[in-house]
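J.: no letters, just coordinates:
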């Protein structure tokens with residue numbers, strides 16, 4: 001009898017120990033994460049108790065702040081629709097989104113010394129304070145990019161290929177987050193999807209901009225391809241399917257094929273390298289991954305391995321078929337070529353400070369992926385320079401600066417082709433990489449390239 005009681009006591013003590021350990025784990029390790037989960041109803045209670053921190057752009061311009069002048073704290077966004085998709089919103093009724101949601105733990109003072117400080121302030125009846133965040137975004141360039149879209153559906157991404165710092169992340173159409181309560185019913189039913197952040201969540205066929213990825217794979221699989229010439233007859237037949245080109249380009253090499261955007265050459269290059277190598281190259285560029293910039297990014301997608309029959313491979317090689325990507329991923333593809341194959345981890349948050357100004361987080365340039373070799377990047381870069389100098393991307397020229405670029409006009413089932421441009425500048429030592437997408441706008445060289453050229457010029461003039 002005593003032995004059974006002893007065993008029962010040991011069992012109860014072990015169960016209590018497990019319970020204490022689990023509750024300690026939830027409170028200490030998982031507590032900060034659970035506290036700022038968007039589905040946690042306590043977030044609204046925190047909002048009412050804590051002076052939420054401010055979000056600044058890279059030049060110290062306020063992008064989000066809290067107005068305490070009324071009876072109830074109100075979050076205000078001075079740049080309105082320019083930063084709506086990037087910052088997101090906070091609403092008791094509609095939840096939270098964007099960086100406002102992703103950075104709750106900092107803005108509500110739930111990290112670092114602020115966590116203890118605010119607990120003490122609460123006990124003493126003093127004001128509780130959140131931390132401040134500075135982004136890599138330049139709000140002036142952000143506004144310029146939005147204006148250049150001129151009301152058309154699309155997205156623009158501008159980043160530093162040497163560091164990964166994102167300078168512009170624009171999506172249109174948008175909305176004014178200061179009037180969220182008034183306009184939500186219309187926003188949620190609008191067929192143009194103004195709540196969708198097209199820059200990171202959009203899924204588009206990349207068209208001819210993807211030829212730089214195909215070229216990287218082809219050159220890796222067969223280095224001699226750089227010295228070969230290809231005969232473009234204006235079309236290519238693949239298993240009975242005729243893939244038409246934009247022109248009869250005749251005998252051209254891979255650099256010229258980039259400059260004139262030859263479909264025939266790149267479809268053949270896709271077939272020559274094979275599905276396995278093509279998929280490997282797509283993965284090497286990180287196109288099937290979320291790079292972790294602070295807000296959710298839709299990974300790119302393509303045909304399943306069993307669906308990569310020759311016709312699908314040829315179509316994917318020129319950015320069509322089942323291939324879908326976001327504008328951010330295409331900006332990163334351009335950045336990888338610009339940075340000699342070394343793709344840096346993109347980021348939006350520069351610094352995080354607590355309520356006393358103490359730095360909690362300082363972002364630094366971090367390597368993400370080895371995409372390809374500097375030699376292969378050099379060949380592709382030469383073709384992209386020629387595309388701007390005398391090819392399809394001439395409208396992206398910037399006075400006094402050599403720009404490298406690639407246009408795209410992506411066919412889609414929803415109307416006119418999507419207009420694309422990706423590129424970087426200055427070509428000899430790139431400091432900026434860009435991607436522009438304008439939905440159903442036609443020619444990338446006519447519509448997207450001029451936007452990229454103007455944005456690159458403005459950014460370079462600002463010293464980026």
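T.: Yep, that arrived. The model shown is predicted, which means the values in this text are computed figures rather than measured ones.

J.: which parts of the longest strand seen in the chain are buried?
T.: With DSSP state E setting the assignment, residue counts place strand 415-425 as the longest strand in the chain. Across strand 415-425, burial judged by 16 or more other CB atoms under 10 Å covers 417, 418, 419, 420, 421, 422, 423, 424, 425. (Glycine included, C-beta is placed from N, CA and C.)

J.: my read: the second one touches residue 443, true?
T.: Spelled out, that is residue 418. No - under the criterion of CB atoms under 8 Å, residue 418 is not in contact with residue 443, lying 10.4 Å apart.

J.: sec struct for the residue nearest to the spatial centre of the chain, please.
T.: The residue lying closest to the centre of the chain (CA atoms, centre = their mean) is residue 328, at 3.3 Å. Following DSSP: H, G, I helix; E, B strand; the rest coil, the label given to residue 328 is helix.

J.: and it, how far from residue 170?
T.: 11 Å (CB to CB, to the nearest Å).

J.: list residues touching both of these two?
T.: Common neighbours of residue 328 and residue 170, using CB atoms under 8 Å, 6 or more residues apart in numbering, are 157, 199.

J.: report the contact partners of residue 372.
T.: With contact taken as CB under 8 Å, 6+ apart, residue 372 is in contact with 216, 219, 220, 281, 284, 336, 341.

J.: most neighbours out of these, which is it?
T.: Within the contacts of residue 372, neighbour counts (other CB atoms under 10 Å) peak at residue 336, which reaches 29 neighbours.

J.: tell me the pLDDT at that one?
T.: pLDDT for residue 336: 98.

J.: how is this structure divided into domains?
T.: For the chain, the structural domains run 2-31, 32-130, 140-461, going by automatic domain parsing.

J.: out of those, which is the most enclosed?
T.: Mean neighbour count (mean count of other CB atoms under 10 Å) peaks for domain 140-461 among the domains of the chain, with a mean of 21.

J.: chain center to that domain: distance?
T.: Put simply, domain 140-461 sits 11 Å off its chain's centre (CA atoms, centre = their mean, to the nearest Å).

J.: now the terminal residues of that domain, how far apart.
T.: 12 Å (CA to CA, to the nearest Å).

J.: now residue 64: which helix or strand?
T.: Following DSSP states H and E, one finds residue 64 within strand 62-67.

J.: strand partners of the helix or strand that comes right after that strand, parallel vs antiparallel please.
T.: Using DSSP H and E, the helix or strand that directly follows strand 62-67 along the chain is strand 74-76. If you go by DSSP bridges, strand 74-76 pairs up with strand 62-67 (antiparallel).

J.: packing partners for whichever helix or strand residue 311 is part of?
T.: Element membership of residue 311, judged by DSSP H and E, is helix 310-317. Other elements packing on helix 310-317 under the criterion 3 or more CB pairs under 8 Å, 6 or more residues apart in numbering; DSSP states H and E are strand 235-238, strand 241-244, helix 263-284.

J.: got the angle for the longest one vs helix 310-317?
T.: Here the directions of helix 263-284 and helix 310-317 differ by 80 degrees (axes from the mean of the first three to the mean of the last three CA atoms, to 10 degrees).

J.: state the mean pLDDT of helix 263-284.
T.: Taken as a whole, helix 263-284 has a mean pLDDT of 94.

J.: against which helices or strands is that helix packed?
T.: Counting contacts by 3+ CB pairs under 8 Å, 6+ apart, helix 263-284 is packed against helix 211-221, strand 230-232, strand 235-238, strand 241-244, helix 254-260, helix 310-317.

J.: so which of those comes closest to residue 388?
T.: Nearest of the helices and strands packed on helix 263-284 to residue 388, taken as CB to CB: helix 254-260 at 8.7 Å.

J.: can you list contacts of that closest one?
T.: For helix 254-260, contacts defined as CB under 8 Å, 6+ apart pick out 211-212, 215, 218-219, 225-226, 228, 230, 232, 247, 249, 252, 262, 265-266, 269, 379-380, 382-384, 386-387, 389-392, 406.

J.: if we use 6 Å, what do you get?
T.: Helix 254-260 is contacted by residues 249, 265, 382, 383, 386, 387, 391 when judged by CB atoms under 6 Å, 6 or more residues apart in numbering.

J.: one more: stretch 409-429?
T.: For stretch 409-429, the external contacting residues (CB under 6 Å, 6+ apart) are 204-205, 207, 209, 330, 334, 338, 385, 396, 401-408, 430, 432-444, 447-449, 452, 456.

J.: endpoints of it, how far apart?
T.: Criterion CA to CA; first-to-last residue distance in stretch 409-429 is 27 Å.

J.: stretch 292-312 now?
T.: End-to-end distance of stretch 292-312 (CA to CA): 30 Å.

J.: quick one: mean pLDDT over that stretch.
T.: So the average pLDDT for stretch 292-312 ends up being 93.

J.: same question, stretch 378-393
T.: 96.

J.: just the helices in the stretch 101-250 of the chain please.
T.: With DSSP state H, counting those that start in this stretch as the criterion, the stretch 101-250 of the chain has helices at 104-107, 113-124, 139-149, 180-189, 198-201, 211-221.
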